[in-house]
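Chemist: need coordinates for the following:
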Amino acid sequence: MSTALSVFREYQNAYQLVGSLEHQGTTARFRYAQSYLADASASAISVALPLRGEAFSHEETHNFFEGLLPEGELRTLIARTLHLDVRAYAALLARLNNESIGALVFSLDGRTPLQNRSYELFDEERLRDFARQPLRIAVDASLTTRLSLAGAQTKIGLYCHQAEGQDDRWYLPKGLASSTHIIKAPSEVFPLQTVNEAFCLGLAKSLGIRTANHFLIALEAAEPLLAIERFDRFYADNALQIGGLAVPSRMHQEDFCQATQLPSYMKYEPTDGNFLNRVARTLDQEVAKPLEDRLEFFDRVMLDYLVGNCDNHLKNYSLLRSEDWLTCGLSPHYDVTCTTYYPSLAREMGISLCESRRIDDVAAANILEAAKRVGIPAAIGKQRYIDLLQKMPAAIDATSKSLSSQSFSQVRDIAQFVKKELASKVSEDEIVHAS
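Modeler: The predicted model follows:
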């Protein structure tokens, strides 16, 4: 017996019915509502799901909606707790239906989602619990808030109240209340993972790359948490107030697995996957400023190479729609980590630059070819790489100093590693003489 899950978007401070997700077991088909198609303001919820009256196939439906869910162990534990098949993504979305990446929410009964919202204090003790037992707390928070955050890392969504001269206060969203930050827990397997990511994001920002705002949360007797400000949330002029807290509105986004019709398990580039061209083609077709975004995308991939980030897969790049849904562009950069710092991790890049896909095998000619695949002249690609390479040492020192001054001195070892590894990357002389 099939079940329909209604799909709504948050738009102009209201919830508008977009369509329905009819599912049975592990299969589902999405169809836009006729009322939505008739609305002049209607926009596709995905590049891969253009506006049309016919239902989309199971494969087309799966690649977008399954991409809204957590991955790996967290999804397995949530499915087990709910007694659901881990592959039954629509049934999981029916339970994690209030707060996902982007602007979509879901309803089981076809009615507009109930707009009951509240915030529950999430004090320092609960933050420490999350740092020490991330999976248990993440499963509990996901089910309590009905929140779904894509990705493999253990994370939760919280609301942060920041007031000048006061410590930040954290809250767990309830009902349709929105979160403001994604909080990532440290890893038992990979030491200093949150410090590593904070360093790499800070480095990217100091190099002029648009980056998600972020900061580390120091905790007693535990590695710090990493708070990432949600760039898919904004405060409307007439934002609803709950207990003195302004509720953010949702902006829509989708990652490049979703946008290019790939399932999440295909996020790492296979041999001959040509992900550079795949992203560039999508940018050309969809964004308001394609040349600007292609240049920035090239810079980000070069940063991934220089910093040693082999986890630069397609789900770590996204399109972000404007508040009015009329335009979209490349989202700020996020999920940047020096993975080569950990010897046990694979050295094949998620978006590769050479035939072997290994970061160690990248040559000057590969960088010029990457520029070509992204759709920019080789001479411009060459100069942008040189600019990044020249700025890296000073940016590494400045970022390390900044985090150290905030009592995160562990960063020095990561910064030293990244700086040392620069010597093994394509040099300025090699790229200058490449053709």
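Chemist: quick one: distance of the helix or strand harbouring residue 279 to the chain centre.
Modeler: For residue 279, the element it lies in under DSSP states H and E is helix 275-286. Distance, stretch centre to chain centre, for helix 275-286: 18 Å (Cα atoms, centre = their mean, to the nearest Å).
Chemist: give the next helix or strand downstream of it.
Modeler: Helix 275-286 is succeeded, C-terminally, by helix 290-307 (DSSP H and E).
Chemist: quick one, that next one and helix 275-286 angle?
Modeler: 150 degrees (axes from the mean of the first three to the mean of the last three Cα atoms, to 10 degrees).
Chemist: for helix 290-307, what is the average pLDDT?
Modeler: For helix 290-307, the mean pLDDT works out to 98.
Chemist: so which elements touch it?
Modeler: helix 193-206, helix 275-286, strand 328-330, helix 364-374, helix 378-405 (3 or more Cβ pairs under 8 Å, 6 or more residues apart in numbering; DSSP states H and E). C-beta: built from backbone N, CA, C; applies to glycine.
Chemist: mind listing what's buried along the last one?
Modeler: By 16 or more other Cβ atoms under 10 Å, the buried positions in helix 378-405 come out as 378, 381-382, 384-385, 388-389, 392, 395-396, 399-400, 403.
Chemist: show me the shaky parts of the stretch 51-200 of the chain.
Modeler: Within the stretch 51-200 of the chain, the stretches with pLDDT under 70 are 97, 109-110, 113-115, 140-153.
Chemist: let's see 90
Modeler: 67-101, 105-118, 124, 129-157, 162-168, 174-177, 186-191 (pLDDT under 90).
Chemist: which residues in this structure form helices?
Modeler: Along the chain, counting by DSSP state H, helices occupy 34-37, 58-65, 72-82, 89-95, 124-132, 134-145, 193-206, 256-259, 275-286, 290-307, 364-374, 378-405, 411-421, 428-432.
Chemist: tabulate those (JSON lines), appending distance to residue 324.
Modeler: JSON lines is the format used below for the helices of the chain (distance: least, Cβ to Cβ, whole Å):
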{"stretch": "helix 34-37", "distance to residue 324": "16"}
{"stretch": "helix 58-65", "distance to residue 324": "21"}
{"stretch": "helix 72-82", "distance to residue 324": "33"}
{"stretch": "helix 89-95", "distance to residue 324": "26"}
{"stretch": "helix 124-132", "distance to residue 324": "35"}
{"stretch": "helix 134-145", "distance to residue 324": "27"}
{"stretch": "helix 193-206", "distance to residue 324": "27"}
{"stretch": "helix 256-259", "distance to residue 324": "20"}
{"stretch": "helix 275-286", "distance to residue 324": "16"}
{"stretch": "helix 290-307", "distance to residue 324": "19"}
{"stretch": "helix 364-374", "distance to residue 324": "28"}
{"stretch": "helix 378-405", "distance to residue 324": "32"}
{"stretch": "helix 411-421", "distance to residue 324": "40"}
{"stretch": "helix 428-432", "distance to residue 324": "41"}
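Chemist: closest one to residue 174 among those helices?
Modeler: helix 134-145 (6.3 Å; Cβ to Cβ).
Chemist: which outside residues touch stretch 366-385?
Modeler: Residues outside stretch 366-385 that contact it (Cβ atoms under 8 Å, 6 or more residues apart in numbering): 274, 276-277, 279-280, 284, 291, 294-295, 297-299, 301-302, 353-354, 426, 431-432, 434-435.
Chemist: ok, 7 Å please
Modeler: With contact meaning Cβ atoms under 7 Å, 6 or more residues apart in numbering, stretch 366-385 is reached by 274, 276-277, 280, 284, 294-295, 297-299, 301-302, 353-354, 426, 431, 434.
Chemist: any idea of the mean pLDDT for that stretch?
Modeler: 96.
Chemist: begin at 36 from here
Modeler: In the new numbering, first residue 36, that becomes stretch 401-420.
Chemist: could you dump that stretch to PDB, C-alpha only?
Modeler: The C-alpha trace of stretch 401-420 is given here as PDB (Å, rounded to 0.1, in the frame of the first residue of the first chain):
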ATOM      1  CA  ASN A 401      46.400  18.700 -14.800                       C
ATOM      2  CA  ILE A 402      45.800  22.200 -13.300                       C
ATOM      3  CA  LEU A 403      45.700  23.800 -16.700                       C
ATOM      4  CA  GLU A 404      43.300  21.000 -17.900                       C
ATOM      5  CA  ALA A 405      41.200  21.600 -14.800                       C
ATOM      6  CA  ALA A 406      40.800  25.300 -15.800                       C
ATOM      7  CA  LYS A 407      39.800  24.200 -19.300                       C
ATOM      8  CA  ARG A 408      37.200  21.800 -17.900                       C
ATOM      9  CA  VAL A 409      35.800  24.500 -15.600                       C
ATOM     10  CA  GLY A 410      35.500  26.800 -18.700                       C
ATOM     11  CA  ILE A 411      38.100  29.400 -18.000                       C
ATOM     12  CA  PRO A 412      41.300  30.200 -20.100                       C
ATOM     13  CA  ALA A 413      44.400  28.300 -19.100                       C
ATOM     14  CA  ALA A 414      46.300  31.600 -18.600                       C
ATOM     15  CA  ILE A 415      43.700  32.800 -16.100                       C
ATOM     16  CA  GLY A 416      43.700  29.400 -14.300                       C
ATOM     17  CA  LYS A 417      47.400  29.500 -14.100                       C
ATOM     18  CA  GLN A 418      47.500  33.000 -12.600                       C
ATOM     19  CA  ARG A 419      44.700  32.200 -10.100                       C
ATOM     20  CA  TYR A 420      46.700  29.100  -8.900                       C
END
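Chemist: can you tell me which strand in this protein is longest?
Modeler: Across the chain, the longest stretch assigned as strand under DSSP state E is strand 49-59.
Chemist: which other helices and strands does that strand contact?
Modeler: strand 38-46, strand 62-67, helix 69-72, helix 124-130 (3 or more Cβ pairs under 7 Å, 6 or more residues apart in numbering; DSSP states H and E).
Chemist: and residue 304, which of the ones you listed is closest to it?
Modeler: Among the helices and strands packed on strand 49-59, if distance is taken as Cβ to Cβ, the winner is helix 124-130, at 23.1 Å.
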